[in-house]
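K.L.:
Return a 3D structure for these sequence lines:
(3 chains, ligands or ions: 2)
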Amino acid sequence: MSENKDYKWVGTRPIRPDGADKVTGKAAFGADKNLPGMLHGKILRSPFGHANIKSIDTSAAKSAPGVLAVMTSKDLPDLPSEMAEAGESAVDFRDLSQNILAADKVLYHGHAVAAVAATSAKLAQEALKLIKVEYEELPVVLEIEDAMADDAPILHENQFTSGDSTDKPSNVAAKMKLPRGDIEKGFAEADVIIEREFTTPTVHQGYIEPHAVTASMSASGHADVWCCTQGAFVVRAMTAKILGMDVGKVKVTPSEIGGGFGAKTTVYLEPVAVKLSEMSGRPVKMVMDREEILRATGPTSASVIKIKLGATNDGKLVAAEGTLKYGAGAYKGSPMGPGCMCVFASYEIPNFLVRGFDVVLNKPKVAAYRAPGAPMAAFAMESVMNEMAAKLDLDPIDFRLENAVKEGSVAAYGPKFPAIGFVETLKAAKEHPHYSAPLGKNQGRGIGTGFWFNVGMQSSATLNVNENGSVTLITGSADIGGSRASMALFAAEELSISYDLITPLVSNTEETSYCDVTGGSRTTFATGMAVVKAAKNLVANMKKRAANTWGVEVDEVLWQDGQAVPPFSSGKNPMSMAEIAASAAKTGGPLTASASLTAQGAGAGFGVHICDIEVDPETGKTDVIRYTAIQDAGKAIHPSYVEGQYQGGAVQGIGWALNEEYVYNDKGVLQNFGFLDYRMPVANDLPMIDTVIVEVPNPAHPYGVRGVGETPIVPPLAAVAEAVNNAVGVRICDLPISPPRLLAAIDAK
Amino acid sequence: MLQVDLSVDLQQFSSGLESLQVEAANIRELLEQLDLRFPGLGKKIEKDMAVTINGVIYQDTLIEPIEDGSEIYFIPKIGGG
Amino acid sequence: MSKTHVTTTINGDAVEYLCEPDQSMLEVLRDNLELTGTKEGCATGDCGACSVSLDGRLVCSCLVLGVEAEGKQIETIEGIANGSELHPIQQKFLENAALQCGICTPGFIVATKALLAKNPDPTEEEARYFLAGNLCRCTGYDKIIRAVLDAAAEMRGAAS
Ligand code: FES
Ligand code: FES
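P.N.:
Numbers count the residues shown, from 1 in each chain, chains lettered A, B, ... in the order given. Ligands and ions are numbered 1, 2, ... in the order given. Take a look at the predicted model:
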C-alpha cells in the first residue's frame, strides 16, 4: 500500500481542525482552566544546590491568612525504589516522588521542598516565607568529570554503579558498553586516526507554555486533573503511583499544550495539586513561572564525549571508539543509553567500542528533549567525520556515502536495518543547489547528519459515525504539532470522504482508550496506525450493513468515494455513508469502530542539514545565513507540519550550537533563569529554513510513515560548528559557539 | 532454531556466553527459554529491553511470533521527546 | 491593599474592573476578566506571548499595570477577528501552518497587526526585526514570517 502514491487526502495540506481556536485565542491551554472556589498553589524551593534537610516547620504558614493547606514530602507515601513502566520509559517512582517534593535532601537549587494552597497566588507566595527549613549545606558537584572523581561529594549514599561489584557509593548510576570486532586491529589498519573530546552544556527545551495544572479532589476520593501534558495517561499513572491512589480514580484531561519537546512527559505539579486539593477540599491551580521552569524542570544533559575514529586513505571507516558521559541531574536516568546506541548508528564500522556513563549532578533531573542523547553524540561524531573528510581530501557527503548504513546493514546497536533512507537523504543533500552555492568573505558551510530510532508503543482510536455520515475521531494522543490534522487525513483517506467531515478530538483518560505519550515521534506513526485500523473496521462494517440492506454477499460490495457500491447485477444504487448512517438504527445500531495496538516497526529516520554561517571577525558573532534541512519522512501525511518539525528542530539545534547554555555559579545557583539571559533564537537571528522531504517508505506502516519530530535536532550542532570552521579555520569542540569563545579561539590561532 | 546474540551488558547473566541457540515461536517463549538457561536473563530483558527480530525493533510486546531461523538481539528500550 | 477601580475599553466593549495596584494588565485580562487568549510565557517582557495593543501601541501586557488602562483602548487577540470572520492575518497563519503548538500565536498575531499598521509592505528583514520580541520555540519562524508577508500582500491588495 505504501507504493500507492495516488492518495486523495494523505499528502495534502488542509487547514488544521484546531486552527481557528488557536488564532482567535479561544483554545484553552494549561493555565487557562479555572474552577469556582479555586485555590492557588505555590512551591517553596531550595536556596541551596545541595543540602541535608534537618527539619521543616510549617506551623506559621498553616495559620497564615488565606492558607488552606500546606504540604511536604511527609504527606506523600514513602515509596520503595522501584523501576516501573510509565509510558515512555522506565522511571524510579521513589526518585520521581522526591523530585516533586524533597525528602531528606535537596539536590539542586530550586528543588521543591514544600507547597502551599491559599485563596490567592499572592497569599500563597507570602505564606511560603513563613515555612522554616533548617538545612545543612553540602558541597555541590556540577561538572561530569568532577562527579566521577574518587573524592567527589556523593549525591546518593545508596547509589552504586549498576553492574559494578563494589560497595562504594558512586555518582555514576550506570555504565554501558557496546563493542564490535577488534578495535586494536581496526586502528592498526587505519591510515588516518583522529581523536577529539567534545562538551555540550545543559540546555532547556524552552517551551513557551509554563507547566500548569488545575486539580479537584472529590469527597468520594476521585481526582479530576486538567493539565498540559504530552501524555494524559502517563500523568494519571504517575500521579496515582505517587499518591498511592487507584489509577481508575484519577481522571486526567489534557489541555492544549504549548510545547513540550519531551519535558512534558513527566510530572512536577500534578500530584502536589491533587494532594493540596484533598487537604483543603477545594480545587487547586498551580502554574510555574519561567524562573521555576528553568531552575527546576527538564533540561537535557550536559555531556562530555570523546571520539576516536580511524579510516583508510580511500575513505573507509575501519575503527571507532566512543566514550560518552551524560549528566543526569539530581537522579539517575540521563539519555546515555540511546546516545550510545546512536553515536555510530549511521555508519558501517567493522570495529568499534562504545562506553557510556550516566552521572548524577547537583542540577535539575533531566527530562526527555527531542531525540534524547542523540544531538550530543552526533555533534561529536559528525564533527570528527567532517574533520576526517577534510584530512582525506574527500567531499564530506561522498565520504559519508562511502560508509553509510543501508538496508541490511547491521546497526551499531545490534539489529539489521530494514529499508532506510540515509543514502537517499545524502544524495538529495548533494544535489541540492544550496550545497554548491558560492560563499562570500567570512562565510562558511558545514553539514551534519542525524539519526533517530523512532518508537511505536501503545495507541487507540475510536471513530463514531454521526447520523449524517460525518465522523468524530477520538484518540488520547496529545496534539503538539498538528497531529489532529494528520489523524483526520488518515481517516478521510481510508473512508474516502471529505476531510471536513471529520472532527478529530483528543479526549481525557476516562473517555478514550489508552494512548502512550506523544513523544519519540510516534503519534503520526502509531496513533495513525490505530486510526487506519479503526477506519478499516468501520468500512467493513458499513459494507456489511449495505450488503444486508441489498440482500447481496458482503464480498460483492465495494467501498468507493465514501459509498458502498453494490454489484452491477443487483440493480441497486450505491449507498452513501450518510445513507448508511441514517439507516443505522435498522441495520444493527450506531456505527462505531475502535482499534488499539502496540505499534511495532517504527522506521529509523535520517536527516542531513546544510548550514551556511557568517562570522563577524571583530565580535565573534556568528549568524546563520542559509539553512537547508533534508530528511526522510517515509511518507509525509501533512507536509506542512512535517516541514514545521524539520524547521523547529533545526532552530532548536542552532540555538544549542550558538547561544543556549545553563550558567551556574560555584554554589550551584543558575545565573540565567529568564528568557533574557537564557537566549533562544528569535526571528531576526535566522534565515528561512529550507526543507526537503525525502520519502523512503517504512515497510512496517500502512502508509510508509516514519516519525519525523526527533531527527531534525540531531544534525545542526555539527553542521554549525563545521560551517564556523570553514569560515574562520577554528574547530570549536565545546558548545555553545558564543562570541567570546569564538573570538578567543580565533585569537589563539 | 533461533540465533540469539547477547550484548556485553547481558553477558553478566550468561557467564560471558555471547550467543546461543533457542527454540521459541514467539517473544514470550523466547524469554521463558532464556530464563530457564540463565535465571534472571529473561526477566531482565522483559523489564528493560526491546527485542529485535531480524532487525525490526519490538518493544513492550510478548506475543510477536518469531519465524524459525530469525536473528535475535536485545537493545535498551527507547523513548523519545 | 485596597483595589483600584478602572474604566476602560477592551475590544470595543466598555469594561470596568477592580484591580490591585500592583496587578499587571496580563493578570487582569486573564484572571479578572477571563480573557485567557492573551498568554503568559515569562511575565518579564521577554517572550511577547502577552502582546496586546494599548491605544494602538504594541505592549507586553505583563509589563503594564492594570491601572494604566484607565481611559484607554485595549485590543487583545479576542478582538482581532470581525465576529466569526477571521482577520486576514489569522487566515494566513492558518493557511501557512504558521503555528504548531499555538501558544505564541496570539502574541504573534497581535504584533503582526501592529507591524502592518505601521508598515503595510515590510521586507522579510523588517518583519523579522519587528517580531524579534516574540518567541516561538516550535516553528523556527519560517512559516510565521511567510504568513506575515502573505497577510501583508493580501491586505495591501484589499486596500487598493
Ligand atoms: S509574558 Fe509578557 S513578555 Fe512574556
Ligand atoms: S507554535 Fe509553539 S511556540 Fe510558537
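K.L.:
Pull the number of nearby residues for A:Asn464.
P.N.:
If you count neighbours by other C-beta atoms under 10 Å in any protein chain shown, A:Asn464 ends up with 17. In this view, the C-beta of every residue, glycine as well, is placed from N, C-alpha and C.
K.L.:
For it, give me its contacts.
P.N.:
For A:Asn464, the contacting residues are A:Val471, A:Thr472, A:Ile474, A:Pro590, A:Leu591, A:Thr592, by C-beta atoms under 8 Å, 6 or more residues apart in numbering or on different chains.
K.L.:
Please list only the buried members of those.
P.N.:
Neighbour-count burial (16 or more other C-beta atoms under 10 Å in any protein chain shown) applied to the contacts of A:Asn464 gives A:Val471, A:Ile474, A:Leu591, A:Thr592.
K.L.:
now check the worst-scoring helix or strand of chain B on mean pLDDT, is it near chain A?
P.N.:
Across the helices and strands of chain B, mean confidence by mean pLDDT, DSSP states H and E is lowest for strand B:56-58: a mean of 79. Yes: where contact is defined by C-beta under 8 Å from any C-beta of the partner chain, part of strand B:56-58 touches chain A, namely B:Val56, B:Ile57, B:Tyr58.
K.L.:
domain assignment for the chain?
P.N.:
Just so you know, I chose chain A. Following automatic domain parsing, one gets these domains for chain A: A:19-26+A:456-599, A:33-138+A:205-296.
K.L.:
let's do chain C instead
P.N.:
When chain C is parsed with automatic domain parsing, its domains come out as C:4-79, C:88-159.
K.L.:
hmm, back to that, pull up the pairing partners for the least confident helix or strand of chain B, direction included.
P.N.:
Sheet neighbours of strand B:56-58, with direction, are listed as strand B:49-53 (antiparallel) (DSSP bridges).
K.L.:
if we can go back for a sec, present the buried ones among the contacts of A:Asn464 as CSV; the columns should include pLDDT, distance to B:Arg37 and secondary structure.
P.N.:
Rendered in CSV, the data for those read as follows (pLDDT from 0 to 100; distance: C-beta to C-beta, whole Å; DSSP: H, G, I helix; E, B strand; the rest coil):
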residue, pLDDT, distance to B:Arg37, secondary structure
A:Val471, 98, 51, strand
A:Ile474, 96, 45, strand
A:Leu591, 96, 51, coil
A:Thr592, 97, 47, strand
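K.L.:
Pick the one among those closest to ligand 1.
P.N.:
For the buried ones among the contacts of A:Asn464, the minimum distance to ligand 1 (C-beta to the nearest ligand atom) is 33.2 Å, reached by A:Ile474.
K.L.:
so where does the spatially closest residue to the closest one that is not a sequence neighbour fall, helix or strand?
P.N.:
Excluding the flanking residues, the one nearest A:Ile474 by C-beta to C-beta, 6 or more residues apart in numbering or on different chains is A:Thr462, at 4.6 Å. When secondary structure is defined by DSSP states H and E, A:Thr462 falls within strand A:457-465.
K.L.:
A:Met71 too?
P.N.:
Using DSSP H and E, A:Met71 falls in strand A:67-72.
K.L.:
quick one: contacts of that strand?
P.N.:
For strand A:67-72, using C-beta under 8 Å, 6+ apart, the contacting residues are A:39, A:56, A:58, A:61-62, A:101, A:113-119, A:123-124, A:127, A:131, A:272, A:275-276, A:279-282, A:284.
K.L.:
mind checking the SS state of the nearest residue to A:Gly231 once chain neighbours are set aside?
P.N.:
The shortest distance from A:Gly231 to any residue other than its chain neighbours is 3.0 Å, reached at A:Val517 (C-beta to C-beta, 6+ apart). Following DSSP: H, G, I helix; E, B strand; the rest coil, we place A:Val517 in the coil state.
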